[in-house]
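> The following block contains a protein sequence and its predicted model.
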Amino acid sequence: MVENQKFLVYRNSGNGEPWYEQYEIPISKGMSILDALFYIQDYHDSTFAFRYACRGAICGSCGMTINKVPMLACRTQVSTLKTFKKPINLPEVKFGDIYDWDQSTEILIEPLPNMTVIKDLVVDMEPFWKFYREVEPYFTKEWSEIAPESKQIPKEMKTIERLVYCILCGICWMCPVNAKYPHYIGPAQLAKSDRFIRDSRLSKENREKILSRVLMNDAVPSCEKYFVCNRVCPKDVMPGTAIKDIRDNWIR
Ligand code: FES
């Protein structure tokens, strides 16, 4: 027998008051939240908007808030939510009035917190990318016809391995500092900075460039050590720990 699951979904046309819409969806084995959103789009409302690309927890496009916890929709199975253990001490995130949310029967779907909604679950990621570009997270090399080799021994790779897994999904922007200060550079941006600062292949000049940006007041010094980013990161990158490492290693 097909089991149905109720959803309460944040909707926003982008030019008016948001509202919450209820949907009932037949659940199949292994169905992800992303699959459920496709069902809503296919069978209930073709104008319903959300982002996705890889469907395999790689591209970071499908970050959204599920039952008040930011998660990747493609990696979250509908059936596991009943027993899902919510990370402790998450800040409250409010998108609209949900007085009628029946937590025992409905899965609540909302956009990522601390970002402006463009439409439904699609948020404006431009501030996220703007800050990302500011830390210049890449190598610069002199151009030559023969690409220079960049060697790294396994031990050096180990020091950045955890940080390399960041997929830039924006989930860590649930940080209360992002909520308070729109100019805060953000946990993902600082984790990415740490990834390059630590990289044995980075030139001294580039390292100093990144450091001069992340040591500005709106970056590492603004972190208030909530470590919410560590608890919600779907890839265990632990941005809060990266920020602490930059602080410990480079602020005297
Ligand atoms: S669709 Fe790519 S991470 Fe979910």
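Cool, got the structure.
> Please count neighbours and contacts with C-alpha atoms only from this point.
Noted.
> ok, for Asp35, nearest residue in space, not its chain neighbours?
Distance criterion C-alpha to C-alpha, 6 or more residues apart in numbering; nearest residue to Asp35, sequence neighbours excluded, is Cys74 at 7.5 Å.
> Please read the previous query as pertaining to Phe95.
Leaving out its chain neighbours, the residue that sits closest to Phe95 by C-alpha to C-alpha, 6+ apart is Glu110, at 7.4 Å.
> Contacts for stretch 55-70 next, please.
Residues outside stretch 55-70 that contact it (C-alpha atoms under 8 Å, 6 or more residues apart in numbering) are 34, 50-53, 71-75, 86, 90, 92-93, 107-113, 121, 167-171, 174, 232.
> Number of residues surrounding Ile197?
Neighbours of Ile197 under the rule other C-alpha atoms under 10 Å: 22.
> ok, it touching Ile210?
Yes. Here Ile197 reaches Ile210: they are 7.2 Å apart, a contact under C-alpha atoms under 8 Å.
> can you pull out the helices in the stretch 151-252 of the chain?
Taking DSSP state H, counting those that start in this stretch as the test, the helices found in the stretch 151-252 of the chain are 154-164, 176-180, 187-197, 204-214, 228-232, 239-250.
> How far does stretch 52-63 stretch from one end to the other?
Stretch 52-63 has an end-to-end distance of 8 Å (criterion: C-alpha to C-alpha, to the nearest Å).
> average model confidence for that stretch?
In this model, stretch 52-63 carries a mean pLDDT of 98.
> Please identify the buried residues of that stretch?
The neighbour-count check on stretch 52-63 (16 or more other C-alpha atoms under 10 Å) flags Tyr52, Arg55, Ala57, Ile58, Gly60, Ser61, Cys62, Gly63 as buried.
> got the phi/psi numbers for the third one?
It stands for Ala57. Dihedral pair for Ala57: phi 60, psi 30, per degrees, to the nearest 10.
> Kindly report the same for the one 10 residues further on.
Geometry field for Asn67 lists phi and psi as phi 50, psi 40, criterion degrees, to the nearest 10.
> Return only those of the buried residues of stretch 52-63 found close to the ligand.
Filtering the buried residues of stretch 52-63 for neighbours of the ligand using C-alpha under 6 Å from any ligand atom leaves Tyr52, Arg55, Ala57, Ile58, Gly60, Ser61, Cys62.
> Distance-wise, check Pro18 relative to Thr65.
Distance, Pro18 to Thr65, using C-alpha to C-alpha: 15 Å.
> Return the residues of the stretch 51-200 of the chain in contact with the ligand.
Proximity of the stretch 51-200 of the chain to the ligand, by C-alpha under 6 Å from any ligand atom, involves residues 52-62, 72-74.
> Can you tell me which of these end up in strands?
Members of those lying in strands (criterion: DSSP state E): Leu72.
> Reformat the residues of the stretch 51-200 of the chain next to the ligand as a markdown table; add distance to Glu3.
Rendered in a markdown table, the data for these read as follows (distance: C-alpha to C-alpha, whole Å):
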| residue | distance to Glu3 |
| --- | --- |
| Tyr52 | 25 |
| Ala53 | 27 |
| Cys54 | 27 |
| Arg55 | 23 |
| Gly56 | 25 |
| Ala57 | 26 |
| Ile58 | 29 |
| Cys59 | 30 |
| Gly60 | 29 |
| Ser61 | 28 |
| Cys62 | 25 |
| Leu72 | 23 |
| Ala73 | 20 |
| Cys74 | 20 |
